[in-house]
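Enquirer: Quick one: sequence plus predicted model below, questions after.
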Amino acid sequence: MWEQLTPAAQQRVGTAGFIDRLPRIAEEMTLRSLDVKVAQALHPRLPDGSPDPRRATIPLTVTYRTAKVGDITKDVQLRLVMEGEKQDARWRIDWTPETIFRGLSPGRLVRMTRLPTTRGRIVTRDGTELATFGEATQVGVIPGQIRSESGLLASLSGILGMKAEDIKAKYTQSWVKPDTYVAIRSVRDLSNETRLKLSVIEGVQLRPERVRAYPSGLIPQIVGTTAEATPGDATKLAARGVEAGDVIGKTGLEAALDEYLLGTYGWRLAIVDDGERQVELLAETQAVPGLDVVLSLDPKMQRAAEASLAQQTQKAAMVVQDVWTGEILVLATDPVSEDFHRAVFGQYATGSTFKLVTAAAALRTGALKPGEKVDCPQSWSGFGPQWVQVNHESSALGLIDLRTSLARSCNTFYYEMGKRLNDRDPNLLPNTAKSFGLGSATNIDFVLESPGLVPSPEWKKDRFKNDPPNALWNPGDATNLAIGQGFLLATPLQMSNYVAAVANDGIVWQPRLVVEVRDRAGTVVKTFPKKELRRADTKPTDLSAIRDGMRAVVADPDGTVYFPFRGYEIPVAGKSGTAETSQAGRVNAWFIGFAPFDAPRLAVATVLEAFPEGPGVHGSQNSATASRKVLATRLGGTP
């Protein structure tokens, strides 16, 4: 097209102003295509009033289709001049930059500017901010303004605590242009003295910035972190306007909910003068702020849980959830400083807390008749005298019913139940456990978790396929499973969800931590309704009998956790559990339960890891005490 310009136009704009500049303008505009509508040519008038046959102006309506600001329609004019005579005459273009945009006069530029967005917050229903923004100063570099690179690197390295090569790597990336501002590091509480030092370094620019902050300090492993986007991240998120160096979610909820939190950058296309001052706005796409995500977490209960677990000498975890919705109110782990969150990733043998499953399976299948009394000897040899399994109590209890078997947590009673179930079908007990949600991920929204394990004949066959003697499902596997030992593993989250199903007549909910998404005005734009995953393979009448036994665990003077709840004004039902570990004398100490007993609202699961038990020292007592303190923050009563 250069050849179509008049010599005067070629001399006026030069190849740099035409051949080189036009592609740059198109790139700056993010031009995808353009449509042109041509109107009838107009000829200027000669002195005698007649049309000038050698000059013409063609009105054009041009629609520029851009990637970042959409379609821009402008009316412009293309000026033509006829040069040459007779058969050599032909029309040439009297080109000026105003042919693209009328305001694009000499010295002016087309500039696309990115408009900032703001990241959404992570909050609880009462407005407690788990993730928000605080004030900071962003230290950046504009490569084209650097006078002394060695001096700049030396100064920034000392002030920012970064290696010189790391600083240079940021502003020498392939996408960086001489006039590009490149963020190097954000600094909170920048002193006036340091600000003054930075301001005199040529090539350095300071910008106020809001940086991610986590003021509550609650569930840091679950909330997660943000980080600078890599070039690869920027490519994936190009539709949102993200560039390398921007803040995006990297772990936890920050990453899982980035779709809502991130927001979308806006763009402004304008004509600017040589001082980068806007002369004419051509088009603009408004930035869209990120949305706020609301969690079901109860900050008061969470803090109480963290405080009660911190009083223990063992690593620990606790989960509290709503029995009727699956909403998670507490998701606590100790130590809080560790990245590993035991409530969702910790997998433990459940001990006697599993006996609720065994009881449900026995009642449903008729292995245990309603009201039936079964012997609770000190030792049990149902598979013959060569296979003896013992109770945790030193003396026999005699014939006892279901209620007493749970209150006293009689192992030998449940060995017998395990045998009866296994004799009917070795898969009965494993399948019942799975129907309560054990042995598979709970599918809690937006949170990673461990799946746990419920052993079964098929699982054992596959697990030990290269070790045939151990691949067989032995009767002892069934009795071990009946009391929550052996290969069985569960997370505190799974245990909370399981005991909630016992409390609500068998509904297994999908646990929910994220309940809704709101815009900045507080308007709810998306909800995450409760979701029933399945029904446990049991009957309400059977669960009623089991719940009665759980009440005895807490309320009867002989109950295994009577003392931790003695005097508590709110009726609680629960089950203790002591699971052996590979460490001699140390157990995983459980308490699971729900409250109030007569109108269940909350389910709780607490575990103390590798608790050192001894005469008169039982970890489940500590787990129950911690649980009571947390329940009291919501239900009332004496902690």
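Expert: Yep, that arrived.

Enquirer: low-scoring pLDDT stretches of the stretch 401-550 of the chain, where are they?
Expert: For the stretch 401-550 of the chain, not a single residue meets the criterion pLDDT under 70.

Enquirer: just so I have it, where are all the strands in the stretch 451-600 of the chain?
Expert: If you assign secondary structure with DSSP state E, counting those that start in this stretch, the strands in the stretch 451-600 of the chain sit at 507-509, 514-518, 524-527, 532-535, 573-580, 586-595.

Enquirer: out of those, nearest to residue 475?
Expert: strand 573-580 (19.3 Å; CB to CB). Bear in mind the C-beta positions are built from the backbone N, C-alpha and C, glycine included.

Enquirer: Report the inter-axis angle for that closest one versus strand 586-595.
Expert: Interaxial angle of strand 573-580 relative to strand 586-595 (axes from the mean of the first three to the mean of the last three CA atoms, to 10 degrees): 170 degrees.

Enquirer: can you pull the buried residues of strand 573-580?
Expert: Of the residues in strand 573-580, 573-579 count as buried by neighbour count, 16 or more other CB atoms under 10 Å.

Enquirer: Nearest to residue 303 among these?
Expert: Nearest to residue 303 among the buried residues of strand 573-580 is residue 574, at 22.4 Å by CB to CB.

Enquirer: For that closest one, which non-adjacent residue is spatially closest?
Expert: What sits nearest to residue 574 in space, not counting adjacent residues and going by CB to CB, 6 or more residues apart in numbering, is residue 593, at 2.7 Å.

Enquirer: residues near the one you found, how many?
Expert: By the criterion of other CB atoms under 10 Å, residue 593 has 32 neighbours.

Enquirer: what's across from it in the sheet?
Expert: The partner list for residue 593 in beta bridges (DSSP bridges) reads residue 574, residue 604.

Enquirer: State the pair within the buried residues of strand 573-580 that is farthest apart.
Expert: In the buried residues of strand 573-580, the most distant members under the criterion CB to CB are 573 and 579, with 20.5 Å between them.

Enquirer: circling back to that earlier point, tabulate the buried residues of strand 573-580 (a markdown table), appending pLDDT and distance to residue 252.
Expert: Output for the buried residues of strand 573-580, formatted as a markdown table (pLDDT from 0 to 100; distance: CB to CB, whole Å):
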| residue | pLDDT | distance to residue 252 |
| --- | --- | --- |
| 573 | 98 | 33 |
| 574 | 98 | 31 |
| 575 | 98 | 31 |
| 576 | 98 | 32 |
| 577 | 97 | 29 |
| 578 | 95 | 32 |
| 579 | 94 | 29 |
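
Enquirer: After the host helix or strand of residue 123, which helix or strand is next?
Expert: The secondary structure element spanning residue 123 is strand 122-124 (assigned by DSSP states H and E). For strand 122-124, the following helix or strand on the C-terminal side (DSSP H and E) is strand 129-141.

Enquirer: what separates the strand holding residue 123 from the chain centre, distance-wise?
Expert: 12 Å (CA atoms, centre = their mean, to the nearest Å).

Enquirer: now for it, which elements pack on it?
Expert: Helices and strands touching strand 122-124, as assessed by 3 or more CB pairs under 8 Å, 6 or more residues apart in numbering; DSSP states H and E, comprise strand 129-141, strand 292-295.

Enquirer: between those, which gets the lowest average pLDDT?
Expert: Mean pLDDT per stretch puts strand 129-141 lowest among those, at a mean of 93.

Enquirer: State the mean pLDDT of whichever helix or strand comes after that one.
Expert: On the C-terminal side of strand 129-141, the closest following helix or strand by DSSP H and E is helix 149-160. Computed over helix 149-160, the mean pLDDT rounds to 95.

Enquirer: What residues sit buried inside the helix or strand just after helix 149-160?
Expert: The element immediately downstream of helix 149-160 (helix or strand, assigned by DSSP H and E) is helix 164-171. By neighbour count, with 16+ other CB under 10 Å as the criterion, the buried positions of helix 164-171 are 164, 167-168, 170-171.

Enquirer: now stretch 42-59
Expert: By 16+ other CB under 10 Å, the buried positions in stretch 42-59 come out as 55-56, 58.

Enquirer: Centre of this protein to the edge, which residue is at the far end?
Expert: Largest separation from the mean C-alpha position in the chain: residue 48, at 78.0 Å (CA atoms, centre = their mean).

Enquirer: Just the element for that residue, please.
Expert: Under the assignment here (DSSP H and E), residue 48 is part of no helix and no strand.

Enquirer: hmm, back to that, dump the helices and strands packed on strand 122-124 to TSV, plus distance to residue 274 and mean neighbour count.
Expert: What follows is the helices and strands packed on strand 122-124, written out as TSV (distance: least, CB to CB, whole Å; neighbours: other CB atoms under 10 Å):
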stretch	distance to residue 274	mean neighbour count
strand 129-141	22	20
strand 292-295	42	25
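
Enquirer: Using a markdown table, please lay out the ones you listed together with distance to residue 93.
Expert: Rendered in a markdown table, the data for the helices and strands packed on strand 122-124 read as follows (distance: least, CB to CB, whole Å):
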| stretch | distance to residue 93 |
| --- | --- |
| strand 129-141 | 42 |
| strand 292-295 | 54 |
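
Enquirer: Which among those is found nearest to residue 490?
Expert: strand 292-295 (23.5 Å).
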